[in-house]
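Colleague: no sequence for this one, just the structure:
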């Protein structure tokens, strides 16, 4: 079974909550049938629930549209439905995704992403007409100087955008953003879609995307078999190996084709229009006629958000946060610039279907170097003009680069204003920051060549493993501040230890260690093992080892985090339940916006309190989601430590 | 046993009585560095005896008086002198005690386990215990608890220092880690490494005046032209993070001297913090590794260490443990409903400052 499709009861519960929250009760109930009974057909679902066929189909339609379930109609006459756990879990991230896109590509793009997330997928043309309904053509825009037939978004679209009932979960924020979004012209909309597709955030919708991992594997294997052996089953280990490798190749090829960018016709008016925006503050897509729009074929193209890209962006954020903690704010910003500049080239955090490593092949052809994503200090320098790049460095280094002298207590005698520095000095300062990054034990960047002053790449796999370890250590150190962390680290470095070796590594007496080992074993982070030395398994004559497995600890922590998220969602529900009366009053259409006027003072206090706790809980939920991303999305299964 | 190369040099010396010769030989040997091992050629080179035969006779009588100890090295006999006082004590031993003593002596600093001793000597437990007691009371042997096998009693000569294997290294005393000393020394080491690899930067080290020429020009221009052109907006000031309000903080040095176990051992020994004891590289490596586990140091490469810095003041863990669930003692018992659930959770109530459902 695919690694990402292994579900736990806890994840099933969490996802059911999320689906119910986002897509309403019917969809939630249908989803929970699938969660409870696994892969099944429509018929079976009806039998397994108190819902009738019509209700189940309705629910399924919503779920399919939003991609939270797989179905096999592309390959089999009878559709079988199955939950896509990754995608359903992603519901918790909707707000975050919108924010990530906004930081990278601006408000316009985030509006598009917000809509795509809420709808699952849509045709480019359909989303356009939802955002810019054609019936309001003659709407005049006052704010613009030369509004030549420019179309303004009207409130009427709001319903179209909000087709699905989003509730409390961050997605509402996304919608709110979308409402006030700056997407003003169709031209801007097309630009946003094109940017997102070029950067891999948005991809085409293909029927194969709806296949569960089992079906997907089946068609890939069938195709490989067809190609190599004319549909027969190969025999012999070598042939079987070849089949596996071919199947994986097919899997990758099909997947890579999804995110292939369609041919965007260079839109003639684009350049001019952009200039005109600057000069006149308006652009005429209507005046420009068809040359400003996508071709009709492209309009028909259904698109969706690429879930793999979300993890890539989240990894960037997570790493930047870590650097900020370890090396300071400015260095973190520089790292952010570096990571974001290579983000476009990185399609995913890890390859789910990697080519199996063939040792003889490596001997013959030499190891194939992995494609590196490079970034130069020069590029970074150009993008960090607004940073105080002297900060966070050793004053001696700054003094050497800028030629300003230091006094005894490491103060610059003649302060350096970073905005007045020349290109070369700035380059050296940036380089000094990057050096800090590379010297860190995490090895955030790795030197590659001298191109562009210095060229660097990032070894994500190693960093991702260390990130996982770091989060496990964080958790342990929060629970057992003194010795737990020390024990975990000792075991991670030295492997299995018996009590005496552990004592020597930690330089502590055995009595101090025993308690910690017990607690951590109960929590599931550390395991103990007994190896008999003699035939009779006597405790006296056995080795008693303590060991730690990163993969086990990772899964345990992931499981606990899912459970913690459920508890937060449940707590939100409880907090809401308590103020339900006030809330229903505050949500009345005549009260909204005039709360102070209509609500009594104690109601207002209750309302504020609820808002505060909801905010706090949602923030914590988002942070737990960050942890899930670290533990689950940045690195595949750790086969061995 | 005389080898041809070192023929005894006979000299015409008036006959002195044998005891005198014995004393002379003993004094000559004892005047060398303690623990020197003498081969036959060394002894004959002292020119005490007339002939090889006499020399052998002298050595034999020294051995029988326990003043010398015979050993074999590379199939060649060799001897070592014992202090007179020790020899006197040895002469008082019974045969059994002497045998036990020889076995203990053989093990040297490694020590010998009492059970192994019994196997070697074939004594009964009672006899052995008696012998060992006698030896201990005569201050000839000592017993040490092994660190490797905490329930084994190891015997070794009183004059010897127990080896690492049984007594533990520098950081252990009486088989247990000397926590007080470890804490002290690690603090000293941490301070030293911090000075070597980090630098304390005062908050106002680069206090440049926010002289905003660009903005001034833009403003002037705007005034003159009467309109504010969007492309001539004032340049954005470099953002300065407000993380270090007024306090100095540590940053990594530009050209740091990373610590290694040997450099730190040398430094510590030169500073003479450990009264009379010497930290070897292995001891220091053990300490430094332990400090890495503690999170006080971090490893930059295979042998280099530096101070681990944390830039943010507040310790941030992760989303899970910062929420009440992460450190909840009854997390595993927590269910969707019931007495322990999110609705009735006291920890959530405390954290949010709200009321939880009361379940009786």
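Modeller: Cool, the structure landed. Note that the coordinates shown come from a computational prediction; the quantities given were computed from them, not determined experimentally.

Colleague: quick one: terminal-to-terminal distance for stretch B:36-49?
Modeller: Across its full length, stretch B:36-49 reaches 20 Å between end residues, using CA to CA, to the nearest Å.

Colleague: how far out from the middle of the chain is that stretch?
Modeller: Here the centre of stretch B:36-49 is set off from its chain's centre by 40 Å, with CA atoms, centre = their mean, to the nearest Å.

Colleague: now do stretch A:253-269
Modeller: Worked out by CA atoms, centre = their mean, stretch A:253-269 lies 22 Å from the chain centre.

Colleague: so where's the chain shaky on pLDDT?
Modeller: All of this is about chain A. Applying pLDDT under 70 to chain A flags residues A:1-8, A:135-182, A:265-294, A:357-370, A:638-641.

Colleague: you answered for a different chain; I wanted chain B.
Modeller: Scanning chain B for pLDDT under 70 picks out the ranges B:1-16, B:147-148, B:150, B:163-169, B:174-175, B:208-247, B:312-314, B:360.

Colleague: for the residue of it found nearest chain A, what are its contacts?
Modeller: Among the residues of chain B, residue B:319 lies closest to chain A, at 2.8 Å counting by CB to the nearest CB. Bear in mind the C-beta positions are built from the backbone N, C-alpha and C, glycine included. Counting by CB atoms under 8 Å, 6 or more residues apart in numbering or on different chains, residue B:319 touches A:561, A:620-627.

Colleague: how about a cut-off of 10 Å?
Modeller: A:471, A:561, A:564-565, A:568, A:619-628, A:630, B:326 (CB atoms under 10 Å, 6 or more residues apart in numbering or on different chains).

Colleague: which of those are buried? Put it as a PyMOL command.
Modeller: Of the contacts of residue B:319, the buried ones can be selected in PyMOL as follows, counting by 16 or more other CB atoms under 10 Å in any protein chain shown:
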select buried, (chain A and resi 471+561+564+565+568+620+621+622+623+624+625+626+627+628+630) or (chain B and resi 326)
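
Colleague: the stretch 101-250 of chain B: strands as residue ranges?
Modeller: B:112-113, B:141-145, B:153-157, B:172-173, B:176-177, B:198-201, B:249-252 (DSSP state E, counting those that start in this stretch).

Colleague: adjacent strands (with direction) for the first one?
Modeller: Each strand pairing with strand B:112-113, determined using DSSP bridges, is listed with its direction: strand B:153-157 (antiparallel).

Colleague: still on that earlier bit, pick the most buried one from the strands of the stretch 101-250 of chain B.
Modeller: strand B:153-157 (a mean of 21; mean count of other CB atoms under 10 Å in any protein chain shown).

Colleague: what residues does that one touch?
Modeller: Applying CB under 10 Å, 6+ apart, the external contacts of strand B:153-157 come out as B:86, B:100-101, B:103-105, B:107-117, B:132, B:135-136, B:140-148, B:162-163, B:165-167.

Colleague: isn't there a strand covering residue B:309?
Modeller: No - Residue B:309: not assigned to a strand; according to DSSP: H, G, I helix; E, B strand; the rest coil it is coil.

Colleague: OK, contacts around it?
Modeller: Shown in contact with residue B:309 (CB under 10 Å, 6+ apart): A:325-328, A:440, B:194, B:197-198, B:249-252, B:298.

Colleague: most remote residue from chain A's center?
Modeller: Relative to the centre of chain A, and counting by CA atoms, centre = their mean, the farthest-placed residue is residue A:536 at 52.8 Å.

Colleague: for that residue, give its distance to chain B.
Modeller: 20 Å (CB to the nearest CB, to the nearest Å).

Colleague: list the contacts for that residue?
Modeller: Applying CB under 10 Å, 6+ apart to residue A:536 gives no contacts.

Colleague: okay, and it sits in which element?
Modeller: Using DSSP states H and E, residue A:536 sits in no helix or strand.

Colleague: so how far is residue A:542 from it?
Modeller: 10 Å (CB to CB, to the nearest Å).

Colleague: now swap in residue A:44 and tell me
Modeller: 51 Å.

Colleague: over to residue A:121?
Modeller: Applying CB to CB to residue A:121 and residue A:542 gives a distance of 59 Å.

Colleague: what does residue A:92 give?
Modeller: 46 Å.

Colleague: who has more neighbours out of those two?
Modeller: Neighbours were counted for residue A:92 and for residue A:542 using other CB atoms under 10 Å in any protein chain shown; residue A:92 has more, 25 against 14.

Colleague: wouldn't that one be in contact with residue A:625 here?
Modeller: Yes - contact criterion CB atoms under 10 Å: residue A:92 and residue A:625 qualify, at 5.3 Å.

Colleague: show me the contacts of residue B:319 that map onto helices.
Modeller: A:471, A:561, A:564-565, A:568, A:619-628 (DSSP state H).

Colleague: out of those, which are close to chain B?
Modeller: Restricting the ones in helices among the contacts of residue B:319 to those near chain B by CB under 10 Å from any CB of the partner chain leaves A:471, A:561, A:564-565, A:568, A:619-628.

Colleague: pick the one among these closest to residue A:435.
Modeller: Top of the list for closeness to residue A:435, among those and by CB to CB, is residue A:471 at 26.4 Å.

Colleague: list the contacts of the closest one.
Modeller: Per CB under 10 Å, 6+ apart, neighbours of residue A:471: A:318, A:553-554, A:557-558, A:561, A:626-627, A:630-631, B:317-321.

Colleague: can you give me the domain boundaries for the chain?
Modeller: Defaulting to chain A. Domain ranges of chain A: A:1-83, A:91-200+A:261-305, A:312-356+A:371-458, A:462-548, A:557-633, per automatic domain parsing.

Colleague: please go with chain B instead
Modeller: B:18-82, B:93-168, B:172-203+B:246-313, B:319-352.

Colleague: as CSV, those domains with distance to residue A:255 would be great.
Modeller: Putting these into CSV (distance: least, CB to CB, whole Å) gives the following:
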stretch, distance to residue A:255
domain B:18-82, 72
domain B:93-168, 56
domain B:172-203+B:246-313, 39
domain B:319-352, 30
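
Colleague: quick one: name the residues of the stretch 51-200 of chain A near chain B.
Modeller: So the stretch 51-200 of chain A never meets chain B (CB under 10 Å from any CB).

Colleague: for chain B, what's the nearest residue on the stretch 51-200 of chain A?
Modeller: residue A:92 (11.7 Å).

Colleague: in three-state terms, label that residue for me.
Modeller: Using three-state DSSP, the structure places residue A:92 in helix.

Colleague: same deal with residue A:23?
Modeller: Assignment for residue A:23 (three-state DSSP): helix.

Colleague: for it, which non-adjacent residue is spatially closest?
Modeller: Spatially, and ignoring its direct neighbours in sequence, residue A:23 is nearest to residue A:62 (5.1 Å; CB to CB, 6 or more residues apart in numbering or on different chains).

Colleague: count of residues packed around the one you found?
Modeller: 21.

Colleague: do residue A:547 as well
Modeller: 16.

Colleague: excluding chain neighbours, give the residue nearest to it in space.
Modeller: residue A:496 (4.1 Å).

Colleague: which ones are touching the one you found?
Modeller: A:502, A:527-529, A:531, A:543, A:545-549.

Colleague: just the buried residues of these.
Modeller: Of the contacts of residue A:496, these count as buried by 16+ other CB under 10 Å: A:502, A:527, A:545-549.

Colleague: okay, these in a markdown table with secondary structure next?
Modeller: Output for the buried ones among the contacts of residue A:496, formatted as a markdown table (three-state DSSP):
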| residue | secondary structure |
| --- | --- |
| A:502 | helix |
| A:527 | strand |
| A:545 | strand |
| A:546 | strand |
| A:547 | strand |
| A:548 | coil |
| A:549 | coil |
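
Colleague: quick one: the strands in chain A, in order.
Modeller: A:40-41, A:69-71, A:80-83, A:121-123, A:202-204, A:302-305, A:374-376, A:446-449, A:455-457, A:497-498, A:527-532, A:542-547 (DSSP state E).
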